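[1] Got a sequence here, can you build the structure:
(2 chains)
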Amino acid sequence: MSNSSRLWGRLIASGVASALCYAALFAYEKEIMAAFTRTDGLYPLLPVVTAFVFSFAHGAFTGYFWELLGIHARPAPRRTVVQVAE
Amino acid sequence: MDAQFLELGTHHVLFLLIVGFIGGLVSGFIGSGGAFVLTPGMMSLGVPGVVAVASNVCHKFPKALVGAYKRFKYGHVDIRLGLVMAVTAAPGMWIGAGIQQWVRERFGESGSNLYVSLACVIVLTVVGGFVLRDAWNIYRGGRMDAEDEISRLARWVQSIEIPGTMIHFRVAGIRVSALFTLPLEFATGLLASMIAVGGFVGVPGMMYVLGAPAMVASATELVIAFVMGLGGTIKFALAGLVDIRLAMIILAGSLFGVQLGAIGTTFVAPYVIKVVMGTIMLIVAVSRGLVVPVYLAELGLIGLSQPAMSLLKTGSFVFMVAALAVGAFIILGAMIRGYRTTPS
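    Numbers count the residues shown, from 1 in each chain, chains lettered A, B, ... in the order given. Okay, here's the model as predicted:
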C-alpha cells in the first residue's frame, strides 16, 4: 500500500470516529447535558473524559487533514544562540 | 449550582467554529490565545459568564494537549519546565483569585471589572511593549535568523549557582536555581489570574527571566495550559457548569487551528513569535483600556451617557476580535513566506 493510500485510510477512519463522536453528542444532546451537569458521584469526570476522547479522534483527523493537503512541518533548521555583548 | 444553558442555533455553531479555529491557530503558534475573545464572544451569544468561562477552559486543555504533542515532535517542548511552571503557578493563581474575590466583595461587580481591566492595561502594555520592542530590535539589527538573544537578566539568573536548588531544563538549554523559578511562577500565576490569559505573562517570563528560547517558551506554555485547563475543568465540572456542546464545537475548530499554528512555527524565524505576541497584547490592552471609563461611570466616579458606554463596550469587543485577527494574519503571512522560501 502506498503512503498516500495509507494516509487516506487513516484520514477516513479518524474522520468517521470524529463524526460519530459529534453525531452522538448532538443526537443525545438533552440526555448528555443532564448527565454532564450533575455534580454527584463520578459525573463531573464525564466532561474531562469526553474532552480526551474528542481530542484523540478529532485531533488525529485534523493532523491527517493538513498532511494530505501537503502542509507539513519544515525540518528543523540549524540553531544559533547569540549572546548579548557586555 | 443551576446554570442556564443555551439553545444552539446555526449562527452559534459557525461563530464558535471560526473563533475556535483562529484562537487555535494563535495558540499553536504563541502558546496561548483565543480565550480573551471566546469568553466575551460566548457571553454576547447569551451564554452566562460562568458557563462561558467553564466551557472555554474545557476546550482549552484538549487543544493544548494536541498542540503540545505536535510541538513536542518538533523538539520545541520542555516538559519539565512546563510541569514545574504549572504546579508552582497554582498558589499564585489561588491568591490572585482571592484578591479578586476581595475586590468584588468590597467594590462590587463594576469595581472588580475595573480592577481586572486596569491590571490588563498595565501588564499588557508593559510586557507587550517590551516583547514588541525586543522583536523590533532583532529586526533592525538584522538578526532575524538567529535563535534568540539571552537577556541580561536571564544571563544573571543563569549565572547564580545555589547548591541543592539547581534545575536543568534540557530542551530549553538552561540551568537555573529553583529559588528563581518559584517566585517567577508564583508571579505568573498571580498575574494570570488577574488578566485571565496566563500565556501573556508565562511566555515572556520564561524568555526574559529564565532565558528560554522563544520557540521553547511558546511551546512549553501549551503544557502549562494543559495542566491549568485540566484542573480548571475539574473545578467547574464539580459545580456542573461545563456546557460540553459549546466546548466540543470550539474544539472542532481549534484542533484544525492549533495544528496549523504548530506547523507554522517551523516555517518562521523565532522573532516572529515575539511580533505576534507583542502585537496581540498591545491591541488587547487598548481593548481593555476602552472599557475603563465605563466601569468608572458605573462606580459613579465619572459621568458618561448610556450611548457612550455602549459605544465603548462595542469598541472594546471589536478591538479584541481585531487582536486575534491581526495575530492570525501575521502568522499566516509569515508561514506563506516561509513556505515559499523552503527548498522542496
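
[2] need the helices for chain B, in chain order.
    When secondary structure is read from DSSP state H, chain B shows helices at B:10-30, B:35-44, B:49-73, B:79-140, B:152-159, B:178-195, B:199-205, B:214-238, B:244-264, B:271-298, B:306-340.

[3] In CSV: those, plus mean pLDDT, distance to chain A and mean neighbour count.
    (C-beta placed from N, C-alpha, C; glycine too.) Formatted as CSV, the entries for the helices of chain B read as follows, by pLDDT from 0 to 100; distance: least, C-beta to the nearest C-beta, whole Å; neighbours: other C-beta atoms under 10 Å in any protein chain shown:
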stretch, mean pLDDT, distance to chain A, mean neighbour count
helix B:10-30, 92, 9, 23
helix B:35-44, 79, 15, 21
helix B:49-73, 92, 3, 25
helix B:79-140, 87, 9, 18
helix B:152-159, 94, 6, 14
helix B:178-195, 83, 19, 20
helix B:199-205, 87, 17, 27
helix B:214-238, 91, 4, 25
helix B:244-264, 96, 4, 27
helix B:271-298, 92, 11, 23
helix B:306-340, 91, 7, 17
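
[4] Which of those helices sits closest to A:F26?
    Among the helices of chain B, helix B:244-264 comes nearest to A:F26, with 7.4 Å by C-beta to C-beta.

[5] which one is the residue in chain A that chain B sits nearest to nearest to, not counting chain neighbours?
    For chain A, the residue positioned closest to chain B under C-beta to the nearest C-beta is A:S55, at a distance of 3.3 Å. On the basis of C-beta to C-beta, 6 or more residues apart in numbering or on different chains, the spatially nearest residue to A:S55 that is not a chain neighbour turns out to be B:P62, at 3.3 Å.

[6] give me the number of residues near B:P163?
    By the measure other C-beta atoms under 10 Å in any protein chain shown, the count of residues near B:P163 is 6.

[7] ah, wrong one, I meant B:I167
    Summarising burial for B:I167: neighbours were counted as other C-beta under 10 Å, giving 14.

[8] got the contact list for it?
    When contacts are counted by C-beta atoms under 8 Å, 6 or more residues apart in numbering or on different chains, B:I167 is found next to B:R80, B:V84, B:R175, B:V176, B:S177, B:A178, B:T181.

[9] Please give me every residue in contact with the closest residue to B:G199 other than its chain neighbours.
    With sequence-adjacent residues excluded and distances taken as C-beta to C-beta, 6+ apart, B:G199 is closest to B:S32, at 2.5 Å. By C-beta under 8 Å, 6+ apart, the residues touching B:S32 are B:V26, B:V197, B:G198, B:G199, B:F200, B:G202, B:V203, B:E221, B:A225.

[10] go with 7 Å
    Listed by C-beta atoms under 7 Å, 6 or more residues apart in numbering or on different chains, the contact set of B:S32 reads B:V197, B:G198, B:G199, B:F200, B:E221, B:A225.

[11] Got the phi and psi for it?
    Here the main-chain torsion angles of B:S32 (degrees, to the nearest 10) amount to phi -150, psi 170.

[12] got it, and B:H76?
    B:H76 has phi and psi values of phi -90, psi -20 when expressed as degrees, to the nearest 10.

[13] Is it in contact with B:M215, as I believe?
    Yes - using C-beta atoms under 7 Å, B:H76 and B:M215 qualify as a contacting pair, with a distance of 5.2 Å.

[14] Which neighbours do these two have in common?
    Between them, B:H76 and B:M215 share these contacting residues under C-beta under 7 Å, 6+ apart: B:T265.

[15] mind listing the strands for chain A?
    All strands of chain A, identified by DSSP state E, fall at A:81-83.

[16] Show me the shaky parts of it.
    Chain A contains residues with pLDDT under 70 at A:1, A:76-86.

[17] related to what we said a few turns ago, who wins for proximity to A:P44 among the helices of chain B?
    Distances from A:P44 to each of the helices of chain B were compared using C-beta to C-beta; the minimum, 3.9 Å, belongs to helix B:214-238.

[18] Which secondary structure elements does that closest one sit against?
    Counting contacts by 3 or more C-beta pairs under 7 Å, 6 or more residues apart in numbering or on different chains; DSSP states H and E, helix B:214-238 packs against helix A:45-68, helix B:49-73, helix B:79-140, helix B:199-205, helix B:271-298.

[19] Tabulate those (TSV), appending distance to A:R6.
    Conversion of those to TSV gives the following (distance: least, C-beta to C-beta, whole Å):
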stretch	distance to A:R6
helix A:45-68	10
helix B:49-73	18
helix B:79-140	30
helix B:199-205	36
helix B:271-298	33
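
[20] follow-up on the earlier one: the residue nearest to A:S55 touches A:A57, doesn't it?
    No - the pair B:P62 and A:A57 does not pass the contact test of C-beta under 7 Å, sitting 10.6 Å apart.

[21] circling back: confidence score at the residue nearest to B:G199?
    Looking at B:S32, its pLDDT reads 82.

[22] Pull the most distant pair out of the contacts of B:I167.
    B:R80 and B:S177 (14.7 Å).

[23] can you pull the contacts of B:L83?
    B:V223, B:V227.

[24] Pull up the gap between the residue nearest the centre of chain A and A:G70, please.
    Averaging the C-alpha coordinates of chain A gives a centre point, and the residue nearest to it by C-alpha atoms, centre = their mean is A:G59 (1.6 Å). Counting by C-beta to C-beta, to the nearest Å, the gap from A:G59 to A:G70 is 19 Å.

[25] before we move on, what about B:S110?
    Distance from B:S110 to A:G70, counting by C-beta to C-beta: 52 Å.

[26] and if you look at B:G264?
    In this structure, B:G264 lies at 14 Å from A:G70, with C-beta to C-beta as the measure.

[27] Over to A:F52?
    The gap separating A:F52 from A:G70 is 29 Å, by C-beta to C-beta.

[28] Looking at the two, which one has more neighbours?
    Legend: neighbour count by other C-beta under 10 Å for A:F52 and A:G70, higher for A:F52 (14 against 7).

[29] That one and B:P62 touch, don't they?
    Yes - between A:F52 and B:P62 a contact is recorded at 6.5 Å, counting by C-beta under 7 Å.

[30] Next up, the contacts around B:V268.
    B:A334, B:M335, B:G338.

[31] sorry, back to before: to B:F169, which of the helices of chain B lies closest?
    helix B:79-140 (4.4 Å).
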